[in-house]
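Asker: I'd like to go over a predicted model; first the sequence, then the structure.
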Amino acid sequence: MLRLDSISKQYPNNVQAVDNVSLEVADGEIITLIGPSGCGKTTLLRLINRLTEKTSGQIFIEGKEINRWNPIELRRQIGYVIQQVGLFPHLTVEQNISYVLRIMGTGKKKQRERAAELISLVGMDPSYLRRYPAQLSGGQAQRVGFARALAGNPSIILMDEPFGALDQITRLQLQDELLSLQNELKKTVIFVTHDIQEAMKMGDKIVLMRHGQLIQAGKPADFFIRPKEPFVTQFIGGSDFFRLLTFITVDEIITREKRLSAKASLPSGTSLADALQLMFQKNIPEIDVLDGQGNTLGQVSQKMIRNIAATISTDQGDNPLKHTIGS
Ligand SMILES: Nc1ncnc2c1ncn2[C@@H]1O[C@H](COP(=O)(O)OP(=O)(O)OP(=O)(O)O)[C@@H](O)[C@H]1O
Ligand SMILES: [Mg+2]
């Protein structure tokens, strides 16, 4: 487990980049970190691997404060994928990937084997190992950056806008690949992004920051249903509401009444988008949600989804749900 306890960072020029942030990331969980440019996301990541020293507070990895870790061991524990990839241009792909292993004094043969294993893991042909970063596409460079972060078999991976510079298609593809890799690898991940839709897709939990402070942390639905400040609603308001509904499941808003009421049902874990579509098709106001054994867990209604829609500010774009959903 990774635990941040009242972390602050004031740079020498008096910029308060991180302001009293506390946060827990469970083993195997992906947390996405979002917030406006300059709100302290990169600084927060760098405090965790000690590329930047915190001003106050404590950070625990596996129960041990980071200042008590051996710095080399700490870096091995934490993979880091930086904003704009940051591959070493004068090193080959293979040398980039095995960089951490070299620092750790791992033997040459082991380094080569690990590089070959990792390049395949991220979906690239081993022939790329001989290339230099300038000879890669943006998506390939990102894959190599991820392979490099995995080299020391870290338990924690920090990813700073890894897909920020990619075109939309490559970005969606790499998101899917990372999620399926994560199913196997079960790393503890903090993933920084500007994009709320990416945050909702990738994160088990989302953390929203502003001016160095943690404003809200929780599941996607919390941000719609229980926004802690008007800023939360403003921040998510600019996005495509229908797409957001695909990342929220019925379980997050369900009523917990055990009555069997509706004329149709769907399984737990279904997205709100699919639930809504089914209610439209069948022309019914609400629908039952069933567990794996077919027991009723509760209901969701068009009205409940409409109430979520109502929390989204309309000034940043038309919200079609307000017009299309009946009560
Ligand atoms: N080395 C530094 N010295 C002084 N101030 C810094 C330093 N690095 C960052 N800052 C300031 O700290 C604040 C937080 O910066 P940070 O890079 O953490 O933001 P960010 O959320 O990652 O932004 P972006 O989304 O643009 O990447 C900003 O005001 C920035 O100007
Ligand atoms: Mg940043």
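Answerer: Sure thing, it's come through. Ligands and ions are numbered 1, 2, ... in the order given.
Asker: what ranges in the chain fall below the confidence cut-off?
Answerer: 83-85, 237-240, 242, 258-262, 309-327 (pLDDT under 70).
Asker: just the strands in this structure please.
Answerer: 2-10, 16-25, 30-34, 56-61, 64-65, 78-81, 156-160, 188-192, 205-210, 213-218, 265-267, 286-290, 296-301 (DSSP state E).
Asker: the shortest one: partners in the sheet, and parallel or antiparallel?
Answerer: Translated: strand 64-65. strand 56-61 (antiparallel) (DSSP bridges).
Asker: Serialize the strands of the chain to CSV and add fields for mean neighbour count and distance to Leu129.
Answerer: Every C-beta, even on glycine, is put in place using the N, C-alpha and C of the backbone. Conversion of the strands of the chain to CSV gives the following (neighbours: other Cβ atoms under 10 Å; distance: least, Cβ to Cβ, whole Å):
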stretch, mean neighbour count, distance to Leu129
strand 2-10, 19, 31
strand 16-25, 18, 32
strand 30-34, 24, 28
strand 56-61, 16, 31
strand 64-65, 12, 35
strand 78-81, 24, 19
strand 156-160, 24, 21
strand 188-192, 24, 25
strand 205-210, 22, 36
strand 213-218, 18, 40
strand 265-267, 15, 44
strand 286-290, 21, 49
strand 296-301, 20, 50
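Asker: could you say which one of these comes nearest to ligand 1?
Answerer: For these, proximity to ligand 1 was assessed by Cβ to the nearest ligand atom; strand 16-25 is nearest, at 3.5 Å.
Asker: rewinding a little: same list, the strands of the chain, but as JSON lines with distance to ligand 1 please.
Answerer: Output for the strands of the chain, formatted as JSON lines (distance: least, Cβ to the nearest ligand atom, whole Å):
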{"stretch": "strand 2-10", "distance to ligand 1": "8"}
{"stretch": "strand 16-25", "distance to ligand 1": "3"}
{"stretch": "strand 30-34", "distance to ligand 1": "8"}
{"stretch": "strand 56-61", "distance to ligand 1": "16"}
{"stretch": "strand 64-65", "distance to ligand 1": "22"}
{"stretch": "strand 78-81", "distance to ligand 1": "14"}
{"stretch": "strand 156-160", "distance to ligand 1": "7"}
{"stretch": "strand 188-192", "distance to ligand 1": "7"}
{"stretch": "strand 205-210", "distance to ligand 1": "7"}
{"stretch": "strand 213-218", "distance to ligand 1": "12"}
{"stretch": "strand 265-267", "distance to ligand 1": "38"}
{"stretch": "strand 286-290", "distance to ligand 1": "37"}
{"stretch": "strand 296-301", "distance to ligand 1": "35"}
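Asker: please name whichever of these is nearest to Tyr128.
Answerer: strand 78-81 (17.5 Å; Cβ to Cβ).
Asker: can you name every helix or strand that the closest one contacts?
Answerer: Under the contact criterion of 3 or more Cβ pairs under 8 Å, 6 or more residues apart in numbering; DSSP states H and E, strand 78-81 touches helix 138-150, strand 156-160.
Asker: do that again at 10 Å, thanks
Answerer: In terms of contacts (3 or more Cβ pairs under 10 Å, 6 or more residues apart in numbering; DSSP states H and E), strand 78-81 is packed against helix 41-48, helix 138-150, strand 156-160, strand 188-192.
Asker: Asp125: which of the ones you listed is closest?
Answerer: helix 138-150 (10.3 Å).
Asker: nearest to Met202, of the helices and strands packed on strand 78-81?
Answerer: When the helices and strands packed on strand 78-81 are compared by Cβ to Cβ, strand 188-192 sits nearest Met202, at 5.4 Å.
Asker: could I get the helices and strands packed on strand 78-81 as a markdown table with distance to Ile78?
Answerer: Formatted as a markdown table, the helices and strands packed on strand 78-81 follow (distance: least, Cβ to Cβ, whole Å):
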| stretch | distance to Ile78 |
| --- | --- |
| helix 41-48 | 7 |
| helix 138-150 | 9 |
| strand 156-160 | 5 |
| strand 188-192 | 9 |
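Asker: looking at the ones you listed, which is closest to Ile215?
Answerer: helix 41-48 (12.5 Å).
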